[in-house]
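K.L.:
Prediction below, plus the sequence it came from.
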Amino acid sequence: MSPVSSDTTPDRAEAVASAVLAVPGVNALHAGVFGEVATYLPGRRITGVRLGDDACEVHVVLDWGTPVLQTADAVRVAVEPLVDGPVDVTVQDIAAPDSAP
């Protein structure tokens, strides 16, 4: 994935994060194994979302018992209208049955 373009705005990254978190079964966004998945903004970052010129990566934690493939597809459908190019969804973890977001 190429680096973030200059037209990437905080609003776009925040819209992607909000759309992902609104999908039923998504517990949280995940920063990746080493915290590398993020969109960096002035003074902060949005973890779990990496916007590029030609694609978007989203890393998520799903609720226990959530169907993985269907939820990943729902995340993709929710994000596609907000970005250019394909949306790559990685299910990074499954939340424990008794955990809250």
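P.N.:
In hand now; what should we look at?
K.L.:
Tell me how far the most centrally placed residue in the chain lies from His30.
P.N.:
The chain has Val58 as the residue nearest its centroid, 2.9 Å off, counting by CA atoms, centre = their mean. Val58 sits 9 Å away from His30, going by CB to CB, to the nearest Å. All C-beta atoms are positioned from the backbone trio N, CA, C, and that covers glycine.
K.L.:
and for the two, which residues touch both?
P.N.:
Taking CB atoms under 8 Å, 6 or more residues apart in numbering as the criterion, Val58 and His30 both touch Gly48, Thr90.
K.L.:
For Ala19, which three-state class applies?
P.N.:
helix (DSSP: H, G, I helix; E, B strand; the rest coil).
K.L.:
Can you show me the strands along this structure?
P.N.:
26-29, 38-41, 44-47, 49-51, 56-62, 87-94 (DSSP state E).
K.L.:
Using neighbour counts, pick out the buried residues of the longest one.
P.N.:
Going back to what we said before, that points to strand 87-94. In terms of neighbour count (16 or more other CB atoms under 10 Å), strand 87-94 has its buried residues at Val87, Val89, Val91, Gln92, Ile94.
K.L.:
For the closest residue to the last one other than its chain neighbours, give me its contacts.
P.N.:
Ranked by CB to CB, 6 or more residues apart in numbering and with sequence neighbours excluded, the top spatial neighbour of Ile94 is Leu62, at 5.4 Å. For Leu62, the contact set (CB under 8 Å, 6+ apart) comprises Gly25, Val26, Asn27, Val68, Thr71, Val91, Asp93, Ile94, Ala95.
K.L.:
Look up the closest residue to the fifth one, ignoring the ones flanking it.
P.N.:
Leaving aside its chain neighbours, Thr71 sits nearest to Gly25 (4.3 Å; criterion: CB to CB, 6+ apart).
K.L.:
ok, how many other residues are close to the one you found?
P.N.:
Burial of Gly25 is recorded as 18 neighbouring residues (other CB atoms under 10 Å).
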